[in-house]
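[1] Sequence and predicted structure, then a few things I'm wondering about:
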Amino acid sequence: MANEPNQESYVRRVLEETREYERRLREDNEGLRELVATLECERVALQKRVEELEAGANQQMSELSALRERLTAQVNANQKSTEQQLAIEQQNTNLANLYVASYRLNSALDRAELVDAIREIVINLVGCEEFALLEPDGHGGWQVCDSMGLPDDFLASMTRPDGALAGHLKSRKMHVTDPAVLSMDELDVSRPSASIVMSVGDETVGAVAMYRLLPQKSGLEPLDRELFDLLAANAAMALYRLKLQEFVKGGK
């Protein structure tokens, strides 16, 4: 019986330690619950912040995409405006060139001045340095009154009534060949880039035969066609007028 107090003391101590352990465990659990609640709040807050950032990023991306589209549209509009302005400037330049060329043809006072005007049109405006200006010789053939860049034997073949160029000239129609199909190595008298017959009424007063264009010019342009029409009409009238003046002076 002597051990009973010790046993009771041991049991009491065990119970107290157990209660203390349970108390500490409850406190730890409560602390963990508080920590979990705090972490959950922080997680929710962070999730909300992430969603806000994503929404902001999406909005910024949408704004950036819209800004890029507006910028692209503005660049395209500016480019189109620049191209239109350049086209207008080119048209104005072309009109000025046509006016000056027409004025020089119509105001020529003698044959030399008229030939210089035709040369300037062919060389500087059309861009051809291989050409010949011909006039009827009165016997069914032609005579070269001016030329550039063509050899003598080539010019001689151009003047024959039955020559390779005669068919183009007899038709009294403008003949134009795409320069891209012409040989750049060999001249072919029958294949000019352009041949323009100058006539007034039923009388042929002259012709211009152009061959290889300058290397930097790959083909004929709309302005060239207008220049050809200018030569066919205005140069023809100018040459006819000078012929009449020469005839009147010769008669005197």
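    Sure, I can see it.

[2] Let me know the helix or strand that the most centrally placed residue in the chain is in.
    The geometric centre of the chain, computed from its C-alpha atoms, lies nearest to Glu83 (CA atoms, centre = their mean), at 8.1 Å. Glu83 belongs to helix 4-107 when assigned by DSSP states H and E.

[3] Report all helices and strands that that helix contacts.
    Secondary-structure packing of helix 4-107 (3 or more CB pairs under 8 Å, 6 or more residues apart in numbering; DSSP states H and E): helix 111-120, helix 222-230, helix 236-251. (C-beta placed from N, C-alpha, C; glycine too.)

[4] can you put the ones you listed in CSV and add distance to Met174, mean pLDDT and mean neighbour count?
    Listed next are the helices and strands packed on helix 4-107 as CSV, based on distance: least, CB to CB, whole Å; pLDDT from 0 to 100; neighbours: other CB atoms under 10 Å:
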stretch, distance to Met174, mean pLDDT, mean neighbour count
helix 111-120, 15, 90, 18
helix 222-230, 6, 87, 17
helix 236-251, 12, 82, 14
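
[5] could I get these as TSV with distance to Asn76?
    Shown next, in TSV, are the helices and strands packed on helix 4-107 (distance: least, CB to CB, whole Å):
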stretch	distance to Asn76
helix 111-120	40
helix 222-230	26
helix 236-251	46
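
[6] With respect to Glu135, which of these lies nearest?
    Of all the helices and strands packed on helix 4-107, helix 236-251 sits nearest to Glu135, with 7.8 Å by CB to CB.

[7] Contacts only, for Met148.
    For Met148, the contact set (CB atoms under 8 Å, 6 or more residues apart in numbering) comprises Arg119, Ile123, Glu129, Glu130, Phe131, Ala132.

[8] wait, doesn't the first one sit right on Gly149?
    To tie it back to what came earlier, the one meant is Arg119. No - judged on CB atoms under 8 Å, Arg119 makes no contact with Gly149 at a distance of 11.4 Å.

[9] pLDDT below threshold where in the stretch 101-250 of the chain?
    The stretch 101-250 of the chain contains residues with pLDDT under 70 at 163-164, 166-168, 171-172, 178-187, 190, 250.
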